[in-house]
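Chemist: predicted coordinates and the sequence they were generated for:
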Amino acid sequence: MIKGIKSSKAVKEFVHLYKRTHSEQLAEEKRASRKKWHAEHPDYNTSYHRAYARKNKLTLHRDGKRVVVQVRKRWRPEWCELCKEWSNRLDYHHWDDENPSLGLWLCTRCHRFAEAMDRQDRELLMDRYLFLKSRVEGALRTP
């Protein structure tokens, strides 16, 4: 509490009056503080731009070479487009390297599923899974 002021309403009024009467001084202090912070963190803007570029570019591997492509991703929802569950971590799944703008926002579980479905050997993978599943179930049933 501020000396001599007892209620929270009075404190709010005091702060409001102080900000109004000292606005130029406060603005100058804020500018100086920002200038000092930017001087101490010169790589902040470059790291921000790198993070933005990382978010809006896609790294592909073509013919054994790494290629970075600018992507216009679709609007990011707050839920997985496949299972409709809310997730704070969504991955952008694209299926066409020539047109990476075509894609879906998927949760980690659905993204793994989509990657498996996009593989060339998905039938082989499914057959292997069913074989292993039946083997495990058979092993558990026999005494």
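Modeler: Structure's in. What do you need? Numbering: from 1, shown residues only.
Chemist: so where's the longest helix in this protein?
Modeler: helix 122-141 (DSSP state H).
Chemist: quick check: residue 67 is in a strand.
Modeler: Yes: judged by DSSP: H, G, I helix; E, B strand; the rest coil, residue 67 forms part of a strand.
Chemist: identify the bridge partners of it.
Modeler: Counting by DSSP bridges, residue 67 is bridged to residue 60.
Chemist: tell me where this protein has helices.
Modeler: So, for the chain - with DSSP H - the helices run 8-21, 23-40, 44-56, 108-118, 122-141.
Chemist: hey, which of those is tucked in deepest?
Modeler: The highest average neighbour count among those, using mean count of other C-beta atoms under 10 Å, belongs to helix 108-118 at a mean of 14. Heads up, the C-betas are built off the backbone N, CA and C, glycines and all.
Chemist: which elements pack onto that one?
Modeler: Judged by 3 or more C-beta pairs under 8 Å, 6 or more residues apart in numbering; DSSP states H and E, helix 108-118 is in contact with strand 91-94.
Chemist: who does the strand it packs on touch, helix- and strand-wise?
Modeler: Strand 91-94 is packed against strand 103-106, helix 108-118, with contacts defined by 3+ C-beta pairs under 8 Å, 6+ apart.
Chemist: of those, which is nearest residue 26?
Modeler: strand 103-106 (42.5 Å; C-beta to C-beta).
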